[in-house]
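Undergrad: got a structure for you, letters missing:
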């Protein structure tokens with residue numbers, strides 16, 4: 001057993017709390033500690049239980065298996081604790097002032113006499129309640145974590161359970177450990193099973209088998225499927241549970257009668273759905289047909305004349321295929337336009353917008369991400385927004401947790417636009433499309449634009465591909481390449497990749513070329529050199545982890561592109577080091593985050609998933625100011641910094657909806673599920689002026705040859721083909737099923753392959 005205070009964090013994995021840290025024991029001697037410790041911050045003190053081990057590379061370490069946080073006692077310990085950032089609203093400067101005022105009574109004052117904090121400079125009536133609440137939450141959390149340790153629950157799972165159940169978490173789990181699989185996303189079945197075994201729950205209990213079936217369904221949903229063939233679901237559930245197939249099938253049938261699972265034949269094959277996804281795909285089919293079959297208001301009888309007028313106003317000349325796509329969009333309630341890079345999709349959006357503007361029809365243009373919306377605005381001159389903002393996506397709770405938000409625009413309060421144009425539709429999953437279609441009134445035109453060969457959406461569903469595959473919705477497929485008069489190496493190369501061909505990369509003057517390297521270290525060195533010559537280049541990679549994953553690439557590129565300097569403030573947050581001048585990306589939509597435009601001093605709210613900026617300042621309390629678009633400045637409190645990450649390198653999945661002047665793409669021996677043709681195609685089409693492949697050409701060819709797609713089951717095409725725009729039929733099919741609170745409608749970047757029945761808690765560091 002060792003009593004020690006953390007002095008600095010060497011490595012910290014935020015997803016599971018794995019920690020390597022420098023510490024100082026009670027006699028002032030330095031040591032290194034290693035183990036799982038959630039919310040690790042320098043300045044906190046603990047009593048660690050474990051043993052000394054010698055790491056072959058890093059030397060002697062104290063490996064702890066359990067810990068108890070100890071109350072800091074001296075003024076130095078208290079100041080270090082408060083300065084660690086564990087208490088919201090208190091950074092190094094405020095910690096110093098609190099301790100100077102109250103000495104070794106500071107923590108007692110914070111907990112029991114918090115109003116006295118107003119005696120400290122900078123703390124007013126709005127700030128002290130948050131400090132008091134945060135400190136109490138920290139103490140409460142530490143106690144719950146300690147109790148969970150007795151069950152053998154790891155730090156990562158304990159953090160999630162506490163966030164969901166609060167101080168009653170331990171009592172809830174004692175009663176039925178399987179409830180956490182259903183209630184808390186990301187908690188693995190293995191964790192619940194281990195706890196159940198500890199407290200004596202039978203392996204063939206009904207609760208266990210039901211939980212296992214639901215868990216397998218959810219894992220398929222995380223991998224993109226809205227439904228699963230029943231035979232496959234039963235087989236995988238039985239294997240996970242180590243029970244007879246009949247037991248899993250009986251549980252499935254029982255849950256179907258209770259409305260917790262939906263069973264339906266799709267193309268003559270029995271499928272099982274989580275209710276939320278069944279409702280979503282039924283609703284999409286109903287609303288798509290409702291909008292498609294409605295009388296347009298107003299009808300446009302002089303389409304050819306209008307298109308010609310729009311061409312004159314914009315100076316844009318359309319090919320025959322483009323004119324047909326425009327005419328189809330204007331003449332149908334729902335119309336889909338799809339095509340690869342350089343085929344003129346943005347030009348068509350521009351001309352359609354001009355025609356509708358000429359006729360005085362209000363237009364709403366939207367895309368799944370902020371960067372994609374901005375790109376449409378810049379290319380056409382017509383304002384575009386995210387789909388979420390268009391639908392008035394608003395928080396229900398205190399924070400911006402996207403599961404606690406709702407849409408202001410819906411069936412009861414539909415959009416008022418006469419036409420809705422949606423770009424980058426390949427990114428739209430089933431839950432988001434359901435919300436969008438519900439808000440579009442009958443008589444409004446819906447134009448869906450996207451590249452069906454791009455990566456599928458991160459969330460569950462195959463909306464664009466299923467819609468194109470259905471006979472119910474008219475579509476135009478664009479094939480002619482117009483970018484740079486048909487001579488774009490990027491566009492031509494992308495189309496060749498998509499058809500399984502092998503583009504010529506030998507021309508060093510082409511905008512699609514290769515820097516040949518074989519070994520991973522040589523690929524990394526080449527990328528670093530390329531980025532030094534072109535600091536604005538965007539590196540895209542298939543994976544997060546690995547030598548050539550985004551995490552390590554960001555470390556290496558930060559080191560050379562934005563090295564430390566006396567004038568550059570920096571702050572270590574977990575395993576990440578943020579420095580003034582760093583390129584960063586917003587990781588989630590934040591509609592409340594305020595910004596100020598320093599060009600005209602206008603103010604606004606909202607920074608969106610995929611937005612990129614540069615760190616402008618980091619103050620003494622760890623508040624980070626980021627400049628977006630060269631003029632919009634937003635500030636992040638320490639508790640909100642998990643919303644941004646370094647963006648010198650990002651995954652290909654994160655790049656969807658974006659374009660960059662120069663793209664650098666490493667190709668290497670990545671997992672087969674990620675080294676695919678459509679991932680390569682998506683990466684190449686992100687480049688506007690130049691794409692540089694770095695790696696061995698045979699790896700590049702192997703990605704082209706790997707035309708496998710992760711198996712993604714959906715029923716939308718079937719539902720569309722059978723759909724009727726009849727409200728009674730729709731309500732009968734959907735109203736009986738509630739939404740599923742454990743489904744994350746806006747999941748994160750899926751760069752780690754998911755085994756549908758593998759436990760979510762496995763493979764942590």
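TA: Here it is on my side, so go on. What you see is a predicted model, and the numbers here were worked out from it, not measured in a lab.
Undergrad: Break down the stretch 101-250 of the chain into its strands, ranges please.
TA: For the stretch 101-250 of the chain, the strands defined by DSSP state E, counting those that start in this stretch occupy 227-229.
Undergrad: wait, residue 3 sits on residue 33?
TA: No - using CB atoms under 8 Å, residue 3 makes no contact with residue 33, being 11.2 Å away. Glycine gets a C-beta too; all of them are placed from N, C-alpha and C.
Undergrad: Mind listing the shared neighbours of the two?
TA: Taking CB atoms under 8 Å, 6 or more residues apart in numbering as the criterion, residue 3 and residue 33 both touch residue 48.
Undergrad: Comparing these two, which shows the higher neighbour count?
TA: A direct count of neighbours by other CB atoms under 10 Å for residue 3 and residue 33 places residue 33 higher, at 24 against 14.
Undergrad: Return the set of residues that bridge with the more buried one.
TA: According to DSSP bridges, the partner residues bridging residue 33 are residue 21, residue 62.
Undergrad: Next one: it from residue 652, what distance?
TA: Distance, residue 33 to residue 652, by CB to CB, to the nearest Å: 37 Å.
Undergrad: residue ranges with poor pLDDT in the stretch 201-350 of the chain?
TA: Within the stretch 201-350 of the chain, no range satisfies pLDDT under 70.
Undergrad: Could you tell me which helix of the chain is the longest one?
TA: Of all segments of type helix in the chain, defined using DSSP state H, the longest is helix 128-151.
Undergrad: and it, what does it pack onto?
TA: strand 59-70, helix 106-112, helix 155-165, helix 169-175 (3 or more CB pairs under 8 Å, 6 or more residues apart in numbering; DSSP states H and E).
Undergrad: Pick the most buried one from the ones you listed.
TA: helix 155-165 (a mean of 21; mean count of other CB atoms under 10 Å).
Undergrad: and the angle from that one to strand 59-70?
TA: Per axes from the mean of the first three to the mean of the last three CA atoms, to 10 degrees, the angle that helix 155-165 makes with strand 59-70 is 20 degrees.
Undergrad: coming back round to it: what about the longest helix of the chain, average pLDDT?
TA: The average pLDDT within helix 128-151 is 77.
Undergrad: Also stretch 452-460?
TA: 87.
Undergrad: hang on, the earlier thing: weakest of the helices and strands packed on helix 128-151 by average pLDDT?
TA: helix 155-165 (a mean of 73).
Undergrad: from the chain's centre, how far out does it sit?
TA: Chain-centre distance of helix 155-165: 20 Å, with CA atoms, centre = their mean, to the nearest Å.
Undergrad: same question, stretch 90-109
TA: For stretch 90-109, the distance to the chain centre is 38 Å (CA atoms, centre = their mean).
Undergrad: Tell me which residues are up against that stretch.
TA: Outside stretch 90-109, the residues that reach it (CB under 8 Å, 6+ apart) are 71-75, 78-83, 85, 110, 116-117, 119-123, 131, 135, 619-623, 638.
Undergrad: Please list only the buried members of the residues you listed.
TA: Among the contacts of stretch 90-109, the ones that count as buried by 16 or more other CB atoms under 10 Å are 72, 78-83, 85, 110, 117, 120, 123, 131, 135, 621-623, 638.
Undergrad: ranges for the helices of the stretch 351-500 of the chain?
TA: Along the stretch 351-500 of the chain, the stretches classed as helices by DSSP state H, counting those that start in this stretch are 370-380, 387-390, 430-438, 463-469, 489-498.
Undergrad: what does the stretch 601-750 of the chain give?
TA: 652-655, 677-684, 697-705, 716-722, 727-734.
Undergrad: cool, and the stretch 151-300 of the chain?
TA: Going by DSSP H, counting those that start in this stretch, the stretch 151-300 of the chain shows helices at 155-165, 169-175, 179-183, 189-198, 206-222, 230-241, 245-257, 275-293.
Undergrad: Minimum distance to residue 540: which of these has it?
TA: helix 206-222 (22.8 Å; CB to CB).
Undergrad: Now do that closest one against helix 430-438, angle only.
TA: 70 degrees.
Undergrad: Would you mind getting the angle between helix 206-222 and helix 275-293?
TA: 40 degrees.
Undergrad: can you pull the buried residues of helix 206-222?
TA: 207-222.
Undergrad: quick one: which two of those are the most distant?
TA: Checking the buried residues of helix 206-222 with CB to CB, the most distant pair is 207 and 222, at 22.1 Å.
Undergrad: Residue 489: what's it in contact with?
TA: Contacts of residue 489 by CB under 8 Å, 6+ apart are 503, 507, 510-513.
Undergrad: Make sure residue 474 is actually in contact with residue 333.
TA: No - with contact defined as CB under 8 Å, residue 474 does not reach residue 333; the gap is 9.5 Å.
Undergrad: Which one's more surrounded, these two?
TA: residue 333 (21 against 14).
Undergrad: which residues does the residue lying closest to that one once chain neighbours are set aside contact?
TA: Among residues not flanking residue 333 along the chain, residue 292 sits closest, at 4.3 Å (CB to CB, 6 or more residues apart in numbering). Residues in contact with residue 292, defined by CB under 8 Å, 6+ apart, are 332-334, 472-473.
Undergrad: any idea which of these has the most stuff around it?
TA: residue 334 leads the contacts of residue 292 on contacts (other CB under 10 Å) with 26 neighbours.
Undergrad: Relative to residue 420, how far out is the residue lying closest to that one once chain neighbours are set aside?
TA: Distances taken as CB to CB, 6+ apart put residue 292 closest to residue 334, at 4.2 Å, once the chain neighbours are dropped. Shown here: residue 292 relative to residue 420, a distance of 13 Å by CB to CB.
Undergrad: Excluding chain neighbours, what is closest to residue 701?
TA: Per CB to CB, 6+ apart, closest to residue 701 is residue 502, 5.8 Å.
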